[in-house]
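Asks: Compute the structure for the input listed below.
(one chain, ligands or ions: 1)
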Amino acid sequence: MSKKINVVVWNEFRHEKTSEKVKAIYPDGLHAVIKSFLDTNEDMEVTLAALDDPDQGLPDELLEKTDVLLWWGHMAHGDVDDELVKKIQSRVYLGKMGFIALHSGHHSKPFKAIVGTNGNLSWGRNQKEIMWNMMPQHPIAAGIPDHFLIEEEELYCEPFYIPQPDALVFGAWYEDGYIFRSGACFLRGAGKVFYFQPGHESCRSFYNPYVQKIITNAVRWAVPGDLGYEIPDKCPHILTKATDEFND
Ligand code: ZN
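Replies: From the prediction side, this is the model:
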C-alpha cells in the first residue's frame, strides 16, 4: 500500500472541559470522534492535537509531516499563536498540506489567513438543517445523496464573507428559511482548502454518517501534490537573458 495520509485533527478543546452539555456529547473532545471515524480508513494515519498541548498541539516535527490539517476552534481563536498561523498558511500555499476548517473554524486565524477574508457570517438558534449536494460530480460529494437531514445544527446563514469559492459543493437550507454555503473549496497557491459548516459543539453532527463521509472525502481530496504544479518559497533573482537561447 502506498504511503498513508498523515492527518492531524486540531481542536481548541475548551468547550468539552467547561460545559457539561458539551462534555456529555463529546466526552473525549469532538476531535476524538473525528479521529475515530477517520481511523476506520486504512489509508489514513490520524493524530490528535489541541490548543493546550505543548506548542499548541503542532510542534514543527508534527506540522512538517502533516498532509491534511483539520481545524475546529471557537472561543479561543485569539489564543492561537501568530507564528504558528504563518507556518500553517505557508505550508498550504506551498502545496505541502491541505487545510479543512470545520464549523466555527470560519473565524479561525489560519482559515482567515489562508483565504484572505474575515469569514464573518450571520447566525442564530439551533434548528433542523437540510444539506443539499450541489456538485455530485465532486470527489467530496462521493456517496452523498442529493440531500440529507441534520436534526439539529446552529444556524449559520448568508451573507458569508468568504472569497468566491473555487467549488461550492454543499448548500444548506434551515428550518427558519435561511440558506448558507456550507461546503466550499478554495485553491490557494498549490494547496487545497475546504470549509464545512456542521459541527456546533452542543450538536451531534460529527456522529452523522453523511457528515463523516464528507469529512473523510475531504481529507482525501485535500491531500497535497496532485494539482500538477509547485509554488516556489522565494522569488528567484534572474541573472541570465531569456533571449540568449535565440542568439547561439
Ligand atoms: Zn457553533
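
Asks: Look at stretch 74-91 and report the distance between its end residues.
Replies: Start and end residues of stretch 74-91 are separated by 23 Å (CA to CA, to the nearest Å).

Asks: What are the buried residues along it?
Replies: The neighbour-count check on stretch 74-91 (16 or more other CB atoms under 10 Å) flags 74, 77, 80, 84-85, 87-91 as buried. (C-beta placed from N, C-alpha, C; glycine too.)

Asks: Secondary structure element holding the residue of the chain found nearest the ion?
Replies: Nearest to the ion in the chain, going by CB to the ion, is His200, at a distance of 3.6 Å. Per DSSP states H and E, His200 falls between elements, in no helix or strand.

Asks: How about Ile130?
Replies: Using DSSP H and E, Ile130 falls within strand 122-133.

Asks: could you dump that strand to CSV, C-alpha only?
Replies: Extracted in CSV, the C-alpha atoms of strand 122-133 (Å, rounded to 0.1, in the frame of the first residue of the first chain):
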residue,chain,number,x,y,z
SER,A,122,-24.9,35.6,10.4
TRP,A,123,-26.0,33.0,12.9
GLY,A,124,-29.0,32.1,15.1
ARG,A,125,-30.7,29.4,17.1
ASN,A,126,-30.1,25.7,16.7
GLN,A,127,-32.6,24.1,14.3
LYS,A,128,-33.2,21.5,11.6
GLU,A,129,-30.9,21.8,8.5
ILE,A,130,-31.2,20.2,5.1
MET,A,131,-27.8,19.8,3.4
TRP,A,132,-28.0,20.0,-0.4
ASN,A,133,-25.5,18.2,-2.5
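
Asks: other SSEs contacting that strand?
Replies: If contacts are counted by 3 or more CB pairs under 8 Å, 6 or more residues apart in numbering; DSSP states H and E, strand 122-133 sits against strand 147-157, strand 167-174.

Asks: Contacts for the first one next, please.
Replies: For strand 147-157, the external contacting residues (CB atoms under 8 Å, 6 or more residues apart in numbering) are 103, 106, 121-133, 172, 174, 176, 178-180, 182, 197-198, 200, 203-205, 208, 210-211.

Asks: ok, back up a step: among the buried residues of stretch 74-91, which ones are in helices?
Replies: Using DSSP state H, the subset of those located in helices is 84-85, 87-91.
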